[in-house]
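J.: coordinates only, no sequence provided:
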Ligand code: TRP
Ligand code: SF4
């Protein structure tokens, strides 16, 4: 008996730094569970990194290795999912070129992410052709695999919408070639950063998957708590405290978590002790991630092998799609 064809899921990450607990509880654990049910493709979007990091492109290669180690640490399984590198599958570039021919400039100029990044990242010159074309490259990533589902956060919905518009336009102009991919909306992560704001590299408030237990202890020690709780005798509000969120996620004993909450409100527990208890459970709860991550990095050639294998599998599918694309457009097909 042949296995019924599983629907395809695809998503990508730009290799611009270490992954942290926000990524783990936002996207990654969701990806890990999607592996059971779908034919999953997860790729390192190194060309996309280049659209904004072209002046410091030298760091991208090292980031790719670390990113894949983070993925394996989180539990992505190269036996179940295809893990690959965008720039190793040239079909993305060919499709990008062809889709570029049919994408109206207005769609790209109106893209809210484009405007926002232009305004916020004034230190970088993002007035490039490549940066404007970012969503066309993203559409190519998705359509090259005729993916059905794309797990992304809300910030990526405009890009998904442009992808769907490009797919419709291609299907209309030439022939029906692409399914319209659906966003699988990732619920936003409930983990706040060490300063109580959203966990983000740009705020410098992250707890990273690569952090050692001692680094985690040091970071948690200086972590923000309820800002209203200035002295040990002041009652606190666990609901506004990022330490308490991590108790909820990592404490194995739910009754004890409730008790800590009550003790906080009654000023019966101090923040120093509360943090000490939390961080040890956080360390235990993320031990497996660190172990898998370190094991992947320690085995010579392992990450390279995983990617070689994934690149090959990805290329096979993308090249099949590109045959269909060339035929639909009327371009010469490969011999
Ligand atoms: N733009 C995405 C991000 O910044 C990364 C990405 C590139 C992507 N290509 C993709 C995500 C294709 C999903 C599908 O997070
Ligand atoms: Fe947060 Fe714990 Fe301090 Fe309460 S006691 S404010 S939950 S760290």
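T.: That came in fine, so what should we check first? This structure is a prediction, so every number in the text was calculated from the model and none was measured. Ligands and ions are numbered 1, 2, ... in the order given.
J.: can you pull up the residues of the chain that come close to ligand 2?
T.: 225-226, 229, 236, 238, 241, 243-244, 264, 269, 271, 274-275 (C-beta under 6 Å from any ligand atom). C-beta coordinates here come from the backbone N, C-alpha and C atoms, glycine included.
J.: these in helices, which ones?
T.: With helices taken from DSSP state H, the overlap with those comprises 243-244, 264, 271, 274-275.
J.: would CSV of those with neighbour count and distance to residue 94 be doable?
T.: Shown next, in CSV, are these (neighbours: other C-beta atoms under 10 Å; distance: C-beta to C-beta, whole Å):
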residue, neighbour count, distance to residue 94
243, 25, 50
244, 23, 51
264, 25, 58
271, 17, 56
274, 20, 56
275, 20, 53
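J.: which pair in those residues spans the largest distance?
T.: Farthest pair in these (C-beta to C-beta) is 264 and 275. Separation: 11.6 Å.
J.: picking that back up, can the residues of the chain next to ligand 2 go into TSV with extra columns for pLDDT and distance to residue 121?
T.: Shown next, in TSV, are the residues of the chain next to ligand 2 (pLDDT from 0 to 100; distance: C-beta to C-beta, whole Å):
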residue	pLDDT	distance to residue 121
225	96	32
226	96	33
229	93	36
236	96	37
238	97	36
241	97	32
243	97	32
244	97	34
264	97	39
269	97	42
271	97	36
274	98	38
275	98	34
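J.: so residue 327 touches residue 320, yeah?
T.: No: with contact defined as C-beta atoms under 8 Å, residue 327 does not count as touching residue 320 (11.3 Å).
J.: I'd say residue 261 and residue 238 touch.
T.: Yes: counting by C-beta under 8 Å, residue 238 is a contact partner of residue 261 at 4.4 Å.
J.: joint contacts of these two?
T.: Taking C-beta atoms under 8 Å, 6 or more residues apart in numbering as the criterion, residue 261 and residue 238 both touch residue 244.
J.: comparing those two, which residue is more hemmed in?
T.: Set residue 261 next to residue 238 and count neighbours by other C-beta atoms under 10 Å: residue 238 wins out with 23 against 19.
J.: nearest spatial neighbour of the more buried one, chain-adjacent residues omitted?
T.: residue 244 (3.8 Å; C-beta to C-beta, 6 or more residues apart in numbering).
J.: do the same with residue 180
T.: Per C-beta to C-beta, 6+ apart, closest to residue 180 is residue 164, 4.7 Å.
J.: unless I'm mixing things up, the one you found is touching residue 178, no?
T.: No: contact between residue 164 and residue 178 fails when scored by C-beta under 8 Å: they sit 9.2 Å apart.
J.: closest one of the residues of the chain next to ligand 2 to residue 87?
T.: Distances from residue 87 to the residues of the chain next to ligand 2, taken by C-beta to C-beta, are shortest for residue 243, at 40.7 Å.
J.: got the contact list for the closest one?
T.: 220, 223, 225, 271, 274-275, 278.
J.: let's see that with 10 Å instead.
T.: 192, 194, 196, 220, 223-226, 236, 260, 264, 271, 274-275, 277-279, 282 (C-beta atoms under 10 Å, 6 or more residues apart in numbering).
J.: please name the residues that touch the residue nearest to residue 192 when sequence neighbours are not counted.
T.: Nearest residue to residue 192 in three dimensions, chain neighbours excluded: residue 242, at 3.9 Å (C-beta to C-beta, 6+ apart). Applying C-beta under 10 Å, 6+ apart to residue 242 gives the contacts 190-197, 199, 205, 207, 220, 223-226, 278.
J.: if any of those are buried, put those into a PyMOL selection.
T.: Applying 16 or more other C-beta atoms under 10 Å to those, the buried members can be selected in PyMOL as follows:
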select buried, resi 191+192+193+194+196+199+205+207+220+223+224+225+226+278
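J.: from the rest of the structure, what touches stretch 111-121?
T.: Applying C-beta under 10 Å, 6+ apart, the set of residues contacting stretch 111-121 is 51-52, 108-109, 124-127, 131-135, 155-159, 161-162, 202.
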